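>>> The following comprises the amino acid sequence and a computationally predicted model.
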Amino acid sequence: MGFGQASCGSRPLVRLVAVSVDTWLTSRFEFTASELTGALGDSVTVLPIAVALGALTPAPLALVLALFGVFQIVWGLRYGLPVSVEPMKALAGLAIAGTLAYGEFLAAGLLAGVVLLAVGATGTLGHLQRYVGRPVVRGVQFAVALLLASAGLDLAAADLRMAGLGAVVAVAVVAAGYRRAAALAVLGAGTGWTLYAGGLPAATVPAVGVFPVGVPALTVGALEGTVAQLAMTVGNAAVATSLLLDDLFDAEVSPDELATSMGSMNLLAVPLGGLPMCHGSGGLAGKYAFGARTGGANVILGLLYLGAALVAGVWMGFPMAVLGVLLGVVALQLTRVAFETDRPFVVGAIGLLALLTNVGVAFVAGLAYWLAEGWLADRWVFLAGARGD
């Protein structure tokens, strides 16, 4: 009897727990049309860069897409928010442009993972961010844009007719008011042409292995690429994303927590054939703009990526001239973001220096200029105070 009474008495508590869990789940995960369109907002940059790397480097596109899918789902479940998962654009741009060999690309991704995990775990990200001014970060973005544009022009020049068709698609989409979707539209047009020419390949499950198509190569170039990437990651992927999560969702996710997530993601993904990946404020803003409000968008996009991984072979026949246009559109988008600054001279100088030398040299020069300018400004304030001005 006592047991029966206890069971009856526990039912309201069980119902309360069930309702609480249901409320928690529905507040963090929705699977609606808005979440679907929001999910696509994060693919605007991911898919063009992933396809370009698959076409121009040994990167195994099927594994790349599969791991993007896995980590979209992982971080959607972890945060319950439409946190973005994007390629590390500086490293991807250097690899696409041929500045980094594939082995150096892998090594740089692993190094970035180690550094991010370390600074995130020790809470030192905020200290590092203070030394790298936003104009320096924007300069690295512009440098990557110039490298992508240069590579794109070389590819487009090989078949001006196909390149012209790709450019018409991009211009039409921009003219219609969908500037952010221009790269995705060019990718869709090229994919349609590829399907028309070769048909849909049979679905194939990607084979998983450790460093399936190459091994890391630690070189000076890899170190320079890592430094350039971290300059972008600290500002845009950690600090800016943390601020945007607070602004859009009233969610407290610290930059150090995001750095830890990114570090662990790279150390797991890169050895399995994935790309160096990060969170990003641009991808998060894109998801939000397209309607995403919960981690459900990540789950939806993750499943779409996993499905795309099964037929990744379709992009192996992607027309190179259209790929050149695609890189050009991505470069223009990066340039636009890079010059959202009150110091365009610094941004432009770093970008041009990178084109003439390399991104590592340009970053160091830009950082030195920024630190020197800050020191002189502080010195001037000190002297003015000492004189009583």
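Arrived safely, thanks for sending. Predicted, not measured: the structure shown is a model, and the values here were computed from it. Numbering: from 1, shown residues only.

>>> Where do the helices of the stretch 251-389 of the chain begin and end?
Assigned by DSSP state H, counting those that start in this stretch, the helices in the stretch 251-389 of the chain fall at 255-269, 281-289, 296-310, 320-338, 344-356, 359-387.

>>> Please produce TSV containing the ones you listed, extended by mean neighbour count and distance to residue 75.
For glycine as for every other residue, the C-beta is placed from the backbone atoms N, C-alpha and C. Converted to TSV, the helices of the stretch 251-389 of the chain look like this (neighbours: other C-beta atoms under 10 Å; distance: least, C-beta to C-beta, whole Å):
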stretch	mean neighbour count	distance to residue 75
helix 255-269	23	7
helix 281-289	22	11
helix 296-310	22	6
helix 320-338	24	22
helix 344-356	19	30
helix 359-387	15	27
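
>>> and these, which one is worst for confidence?
Mean pLDDT is lowest for helix 359-387 among the helices of the stretch 251-389 of the chain, at a mean of 72.

>>> Now for residue 84, how many residues are close by?
If you count neighbours by other C-beta atoms under 10 Å, residue 84 ends up with 31.

>>> Just give the nearest non-adjacent residue to it, would you?
Closest residue in space to residue 84, ignoring its immediate chain neighbours: residue 283 at 2.7 Å, by C-beta to C-beta, 6 or more residues apart in numbering.

>>> returning to what we had before: could you dump the helices of the stretch 251-389 of the chain into TSV and include distance to residue 147?
As requested, those are exported to TSV (distance: least, C-beta to C-beta, whole Å):
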stretch	distance to residue 147
helix 255-269	21
helix 281-289	18
helix 296-310	26
helix 320-338	8
helix 344-356	7
helix 359-387	8
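
>>> Could you point out which of those helices sits nearest residue 66?
When the helices of the stretch 251-389 of the chain are compared by C-beta to C-beta, helix 296-310 sits nearest residue 66, at 3.9 Å.

>>> one step back: so how far is residue 204 from the residue nearest to residue 84?
28 Å (C-beta to C-beta, to the nearest Å).

>>> Same check on residue 55?
Counting by C-beta to C-beta, the gap from residue 55 to residue 204 is 18 Å.

>>> quick one: which of these two has more around it?
The neighbour comparison of residue 55 against residue 204 (other C-beta under 10 Å) goes to residue 55, with 19 against 12.

>>> what kind of secondary structure is that one in?
Applying DSSP: H, G, I helix; E, B strand; the rest coil to residue 55 yields a three-state assignment of helix.

>>> what's it in contact with, if anything?
315-316, 318, 320, 323 (C-beta atoms under 8 Å, 6 or more residues apart in numbering).

>>> ok, now residue 170?
182-183, 185-186, 325, 329.

>>> change it to 6 Å
By C-beta atoms under 6 Å, 6 or more residues apart in numbering, the contact list for residue 170 reads 182, 186, 329.

>>> pretty sure the first one belongs to a helix, no?
It refers to residue 182. Yes - Residue 182: assigned to a helix according to three-state DSSP.

>>> Pretty sure residue 328 is one of the things it touches, is it not?
No - with contact defined as C-beta atoms under 6 Å, residue 182 does not count as touching residue 328 (10.1 Å).

>>> Could you point out which residue ranges in the stretch 1-150 of the chain have low pLDDT?
For the stretch 1-150 of the chain, applying pLDDT under 70 flags the ranges 1-27, 126-130.

>>> Mind doing that once more with 50?
The stretch 1-150 of the chain contains residues with pLDDT under 50 at 1-8, 14, 16-21, 23.

>>> which residue ranges form the helices in it?
Under DSSP H, counting those that start in this stretch, the stretch 1-150 of the chain gives helices at 2-28, 33-41, 43-56, 61-79, 89-97, 102-122, 125-131, 134-156.

>>> so of these, which one's packed in deepest?
Mean neighbours per residue, mean count of other C-beta atoms under 10 Å, is largest over the helices of the stretch 1-150 of the chain for helix 89-97, with a mean of 29.

>>> which residues sit in contact with the residue nearest to residue 84?
With contact taken as C-beta under 6 Å, 6+ apart, residue 283 is in contact with 42, 84, 86.

>>> Nice, that's everything, thank you.
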